[in-house]
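1. Kindly generate the corresponding structure for this input.
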Amino acid sequence: METKSFISLLAVFFFSGLAEIYLVFRMKSNFLTGFLLLVVLGLLGLILLTAVYKRFKWSYYYGLVYFMLLMLNFAYLYIYTRRFLPFSFAVLVSLIGYITCETGFMGAIKRKTSRNDINNIEDRKYREAEKIVPNIEVYADVEPGYEKEFEKRFVPEKFISVYTDEEVSSDFTPGNFVSSKKGSIYHLPKCDAVKNILEENKVWFNSEQEARRSGYKKHICFK
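-> You can find the predicted model right below:
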């Protein structure tokens, strides 16, 4: 889109410039004023072409203002020249430039709106996900022992049941039974004696048969 707009504006700038030069040198009076306007608008046109080529965000808005000024300038030149055909040609070309900038301006607004809509949709999805699955990171600053109280106050009740102790233990334990490298007894993961085993000394088993084959005996916590 930007490449087509640049080519269109380049053609508009060329033909409107020729028409302006023709009208300026046909002025019967105020030639100096017309010539200064020719130079100023020429420089402003070069700025417009550069802005469109570089894809600056403000380029099309600037172009709308530029072509309005350009058409006013042609009206001023017509007053002192009375050359209707060159004036009509110049205004027509300027209108093409104005429409090109307006199209680019509206396209930029639509693209910005689309990006905002996408961001809003992603934000809504993230918020909905947070409602369905409470963010585990919120527990980072909760003192040990107060997790349940925190859930009651800040987590919707219908979501608390998702995180039962049984599910957590099955998700985060490497096996179904645990023992110590320095001991001879295997325990259930919820056994109080497991708390006294250092992490580096824990040995996990998936079944009781596996534990017994390794020479371990069952703890009383199974009763």
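2. just checking, next helix/strand downstream of the worst-scoring helix or strand of the chain on mean pLDDT?
-> Here the helix or strand of the chain ranked lowest by mean pLDDT, DSSP states H and E is helix 165-172, holding a mean of 45. Remark: after helix 165-172, the chain's next helix or strand is strand 177-180, criterion DSSP states H and E.
3. Would you mind writing the CA trace of that following strand as PDB?
-> Only the C-alpha atoms of strand 177-180 are listed here, as PDB (Å, rounded to 0.1, in the frame of the first residue of the first chain):
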ATOM      1  CA  PHE A 177       6.200 -44.400  47.700                       C
ATOM      2  CA  VAL A 178       9.300 -42.800  49.200                       C
ATOM      3  CA  SER A 179      12.200 -44.000  51.400                       C
ATOM      4  CA  SER A 180      15.600 -42.800  52.500                       C
END
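4. packing partners for that strand?
-> If contacts are counted by 3 or more CB pairs under 8 Å, 6 or more residues apart in numbering; DSSP states H and E, strand 177-180 sits against strand 185-187, strand 202-205, helix 208-213. In short, each C-beta sits where N, CA and C put it, glycine included.
5. quick one, which of those is nearest to residue 104?
-> The stretch from the helices and strands packed on strand 177-180 with the least distance to residue 104 (CB to CB) is strand 202-205; that distance is 64.8 Å.
6. Quick check: neighbours of the closest one in the sheet, parallel or antiparallel?
-> Sheet pairing of strand 202-205 (DSSP bridges) gives strand 177-180 (antiparallel).
7. List the buried residues in the partner strand.
-> For strand 177-180, burial by neighbour count (16 or more other CB atoms under 10 Å) applies to 177-180.
8. Likewise for stretch 203-220?
-> Buried residues in stretch 203-220, counted by 16+ other CB under 10 Å: 203, 205, 211, 216, 219.
9. Let me know the closest of those to residue 191.
-> Nearest to residue 191, judged by CB to CB, of the buried residues of stretch 203-220 is residue 219 at 6.3 Å.
10. Hmm, the closest one is touching residue 191, no?
-> Yes - with contact defined as CB atoms under 8 Å, residue 219 counts as touching residue 191 (6.3 Å).
11. before we move on, what SS does residue 18 have?
-> Under DSSP: H, G, I helix; E, B strand; the rest coil, residue 18 falls in the helix class.
12. Please apply the same query to the one 10 residues further on.
-> Reduced to three states with three-state DSSP, the structure at residue 28 is coil.
13. That one contacts residue 81, correct?
-> Yes - between residue 28 and residue 81 there is a contact at 7.2 Å, judged by CB under 8 Å.
14. Which one of these two is surrounded by more residues?
-> More crowded of residue 28 and residue 81, by other CB atoms under 10 Å: residue 81, with 19 against 8.
15. now the more buried one, nearest residue through space, not along the chain?
-> Nearest non-adjacent residue to residue 81, counting by CB to CB, 6 or more residues apart in numbering: residue 26, 4.7 Å away.
16. which residues touch that neighbour?
-> Residue 26 sits next to 81, 83, 86 when contact means CB atoms under 8 Å, 6 or more residues apart in numbering.
17. what's the answer for residue 40, then?
-> So residue 40 contacts nothing (CB under 8 Å, 6+ apart).
18. how near is it to residue 46?
-> Residue 40 sits 11 Å away from residue 46, going by CB to CB, to the nearest Å.
19. Now residue 5. Nearest residue, chain neighbours left out?
-> Distances taken as CB to CB, 6+ apart place residue 104 nearest to residue 5, at 5.0 Å, with adjacent residues excluded.
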